[in-house]
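*Asks:* Whatever this is, show me its structure:
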Amino acid sequence: MFLVISIFLSLYGGMHYYIYKKTIAAVPCSHGLLLCACALLLVAPLVAELLKGLGLFRLAVPIGWVGYTWMGLAFLFFSFSGLLDLAVFALKTGGKLVGADVASFPMLSPLWSLLLPAVLALAATGHGLVSARQVKVEWVRIPTRKLAEKSEPFRIVQISDLHLDLWSDEGRVRRIVETIESIRPDVVVSTGDLIDAGPDRLGGFADRLRELKPEHGKFAVTGNHEAYVGPANSLAVTERAGFKMLSYQGVSVDGVIHIVGVDDPAVRRRITMDGRAENAVLQGIPKDDFTVLLKHQPRVDRASVEWFDLQLSGHTHGGQIFPFHWLVRLAYPARTGLSQVGDETWLYVSRGTGTWGPPIRFFAPSELTVIELQPSP
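*Replies:* I've put the predicted structure just below:
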């Protein structure tokens, strides 16, 4: 944890130093006050998490909202400003090569180099705050011969990375539940990171999710944040929400499909579980039956591909805030959405239903995924 906090403070602190230098170069202001403001905003998310851990929820909520919203705004400003800096560098270099005087361009002044990315970042933050509160439904239809005898498509709704926390919006959770109910799924699954706080603060959210009663049940797997909250706390909230937690288990659903769930590596390390258990549990299921694998991180075990038909994953948030998705693609090459990973094997990576950190989504809208398995001759 000390290493994680040190890396966070180094990277996030560097971003604040960049903003500080940009600001003092453009506008006259007190360097001391600006440094204090940057320092307070820098540590605000950590203070909010500390207060949450101490049970001081009334203080944690406003500090968390300010700190995490600023985090998104600061990242967007840094991104836009960095692109502008590259453009200015290219313009100056090009001007020198052709002997043109570009120093008088107003866009090259320190004030404009602060104002332009600041306006763009504010607009993107406003858009991202609204986008994060919306519920976008993605429909995916997968034909399969393994359901040929069933007359109606089998409908699965996937939620992922809801990240229920102190600053989650109960109204949005209610809209998610209402939207899922209107879809009339056969099964609802959660592919990890359902919660970010303990059961003492998430009872209302869990009760709201418990209202979902699909015909053939609800199933969930752990994500890395369930490991941070603690397996016992995660299980308590998940079961209160009406989900059956699948930990290296498979269940038969209506004699139509099998659903297998495996733990996230972060949870597995805490309980010293061998990762090869994924392949072992899959091999215990008849290959003639359609098998859905619930796995938080979008990593496909090549040894397991022949033993399942569809893997449902999340974790990446689709980048959540553009252009962060470029870094996500370096860590997780699997593309967001549906892709084929075997002859008749599919992977679907959800952009996630909630947000983590900044309550913002920019060019990466949240989603509810409807997977329709369609009988095919």
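
*Asks:* give the contact list for Ile142.
*Replies:* Going by Cβ atoms under 8 Å, 6 or more residues apart in numbering, Ile142 touches 310, 338, 346, 371-374. For the C-beta atoms, the positions are set from N, CA and C on the backbone; glycine is no exception.

*Asks:* Buried residues in the helix or strand harbouring it, which are they?
*Replies:* Ile142 is part of strand 136-144 when elements are defined by DSSP states H and E. Neighbour-count burial for strand 136-144 flags 138, 140, 142, 144 (criterion: 16 or more other Cβ atoms under 10 Å).

*Asks:* Over to stretch 167-175?
*Replies:* Counting neighbours by 16+ other Cβ under 10 Å, stretch 167-175 gives 167-168, 172-173 as buried.

*Asks:* next one: stretch 84-93
*Replies:* Under the neighbour-count criterion of 16+ other Cβ under 10 Å, stretch 84-93 has 84, 88 buried.

*Asks:* Please export the C-alpha coordinates of it as CSV.
*Replies:* The C-alpha atoms that make up stretch 84-93 are tabulated as CSV, following Å, rounded to 0.1, in the frame of the first residue of the first chain:
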residue,chain,number,x,y,z
LEU,A,84,-1.2,22.2,-27.1
ASP,A,85,2.4,22.2,-25.9
LEU,A,86,3.2,19.7,-28.6
ALA,A,87,1.4,21.8,-31.2
VAL,A,88,3.3,24.9,-30.1
PHE,A,89,6.6,23.1,-30.2
ALA,A,90,5.9,21.8,-33.7
LEU,A,91,4.8,25.3,-34.8
LYS,A,92,8.0,26.9,-33.5
THR,A,93,10.2,24.2,-35.0
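
*Asks:* Show the average pLDDT along that stretch.
*Replies:* For stretch 84-93, mean pLDDT is 83.

*Asks:* on that earlier part again, same list (the buried residues of stretch 167-175) but as a markdown table, adding distance to Arg268 and pLDDT.
*Replies:* Shown next, in a markdown table, are the buried residues of stretch 167-175 (distance: Cβ to Cβ, whole Å; pLDDT from 0 to 100):
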| residue | distance to Arg268 | pLDDT |
| --- | --- | --- |
| Trp167 | 29 | 89 |
| Ser168 | 26 | 91 |
| Arg172 | 31 | 93 |
| Val173 | 28 | 95 |
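
*Asks:* picking up where we left off before, of all the buried residues of strand 136-144, which two lie farthest apart?
*Replies:* Greatest spacing in these, by Cβ to Cβ: Glu138 and Thr144 (18.9 Å).

*Asks:* Is His325 in contact with Gly319, as I believe?
*Replies:* Yes - using Cβ atoms under 8 Å, His325 makes contact with Gly319 at a distance of 2.5 Å.

*Asks:* Which neighbours do the two have in common?
*Replies:* 363-364.

*Asks:* where does the protein have low pLDDT?
*Replies:* Within the chain, the stretches with pLDDT under 70 are 1, 95-108, 148-150, 270-276.

*Asks:* Geometric centre of it: which residue is closest?
*Replies:* The centroid of the chain falls nearest to His317 when counting by Cα atoms, centre = their mean (3.1 Å).

*Asks:* Assign the closest residue to it other than its chain neighbours to helix, strand or coil.
*Replies:* Once flanking residues are discounted, His317 sits nearest to Gly352: 4.4 Å by Cβ to Cβ, 6 or more residues apart in numbering. Under the three-state scheme (DSSP: H, G, I helix; E, B strand; the rest coil), Gly352 adopts coil.

*Asks:* Check Gln311 too.
*Replies:* Per three-state DSSP, Gln311 ends up strand.

*Asks:* Which residues are in contact with it?
*Replies:* 292-295, 298, 300, 341, 345-348.

*Asks:* Tell me who's in contact with the residue nearest to the centre of the chain.
*Replies:* 161, 328, 351-352, 355-356, 364.

*Asks:* Can you add distance to Val253 and secondary structure and give these back as TSV?
*Replies:* Below are those laid out as TSV (distance: Cβ to Cβ, whole Å; DSSP: H, G, I helix; E, B strand; the rest coil):
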residue	distance to Val253	secondary structure
Asp161	23	coil
Val328	31	helix
Arg351	25	coil
Gly352	24	coil
Thr355	30	coil
Trp356	30	coil
Ala364	31	coil
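
*Asks:* got TSV for those residues, with neighbour count too?
*Replies:* Listed next are the contacts of His317 as TSV, based on neighbours: other Cβ atoms under 10 Å:
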residue	neighbour count
Asp161	28
Val328	19
Arg351	23
Gly352	28
Thr355	27
Trp356	16
Ala364	24
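
*Asks:* Just send those back as JSON lines, with distance to Leu3 too.
*Replies:* As requested, these are arranged in JSON lines below (distance: Cβ to Cβ, whole Å):
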{"residue": "Asp161", "distance to Leu3": "24"}
{"residue": "Val328", "distance to Leu3": "21"}
{"residue": "Arg351", "distance to Leu3": "29"}
{"residue": "Gly352", "distance to Leu3": "26"}
{"residue": "Thr355", "distance to Leu3": "25"}
{"residue": "Trp356", "distance to Leu3": "19"}
{"residue": "Ala364", "distance to Leu3": "28"}
